[in-house]
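sequence? don't have it. structure:
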């Protein structure tokens, strides 16, 4: 009976500790930091706020001022304006790289627009240490085989089609010409 009381007391203590840590100043700072990363830029929210001005002349003057500020920020690269297709292309180019959590690239709120696989053309392929493959794609991405090569694996060569897809636990699986899959990682060179 004493051990069950000790167990209950330990679980209660752990629950209190977890609850207290959720209310900690550090947790609040982390939540604020995440909100700041996903919030639209002030220059945009200022422009949207013009809508709330009831008097038409004042509202138009507000829009004129804020649109001019947005145009200046965009032309000086302080703000980047991208359409959905440009974002998809950026995500494709970043596929396989570990990036900080940025709303633009995380797929949240975009109907699950996370890229699950890419297809490309091999520009060159060569073996490196332990016989593993280093594969350069035509789009500039470089992928390295992470597991020992199989004797049954066909040699990848320039012009071959490669499909790379997300796999378990953050890994990636590559298939050359729809052949047998092998694990790879993206390399920055």
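Nice, thanks for sending it over. From a predicted model like this one, the values you see are computed outputs, not experimental measurements. Numbering: from 1, shown residues only.

for the helix or strand containing residue 90, which helices and strands make contact with it?
Element membership for residue 90 (DSSP states H and E) is helix 84-94. Helices and strands touching helix 84-94, by 3 or more C-beta pairs under 8 Å, 6 or more residues apart in numbering; DSSP states H and E, are helix 103-106. The C-beta positions use only the backbone N, C-alpha and C, and glycine is treated the same way.

tell me what residue 176 is bridged to.
With DSSP bridges as the criterion, residue 176 is bridged to residue 162.

for the remainder of this discussion, apply numbering that starts at 27.
Right, with 27 as the first residue, what we last looked at is residue 202.

residue 158 versus that one, what's the distance?
14 Å (C-beta to C-beta, to the nearest Å).

just want to know which of these two has more residues nearby.
residue 202 (22 against 15; other C-beta atoms under 10 Å).

does the more buried one touch residue 186 like I think?
Yes: using C-beta atoms under 8 Å, residue 202 and residue 186 qualify as a contacting pair, with a distance of 5.2 Å.

what average pLDDT does stretch 52-65 get?
On average, the pLDDT along stretch 52-65 is 68.

that should have said stretch 180-190, apologies.
Averaged across stretch 180-190, the pLDDT comes to 90.

can you name the element that comes right after the helix or strand hosting residue 146?
Assigned by DSSP H and E, residue 146 belongs to strand 143-153. For strand 143-153, the succeeding helix or strand toward the C-terminus, using DSSP H and E, is strand 159-163.

give me the sheet partners of that following strand and which way each runs.
Strand 159-163 has the following sheet partners, assigned by DSSP bridges: strand 143-153 (antiparallel), strand 168-171 (antiparallel).

can you show me the helices along this structure?
Using DSSP state H, the helices of the chain run over residues 28-48, 51-64, 68-75, 82-101, 110-120, 129-132.

could I get the contacting residues of the closest residue to residue 145 other than its chain neighbours?
In space, residue 145 comes closest to residue 189 once its chain neighbours are excluded; the distance is 5.1 Å by C-beta to C-beta, 6 or more residues apart in numbering. Contact partners of residue 189, counting by C-beta atoms under 8 Å, 6 or more residues apart in numbering, are 143-145, 200-201, 204.

now for those residues: which two are most distant?
Greatest spatial distance among these (C-beta to C-beta): 144 and 204, at 14.6 Å.

rewinding a little: just the buried ones out of the contacts of residue 189, please.
144, 200-201 (16 or more other C-beta atoms under 10 Å).
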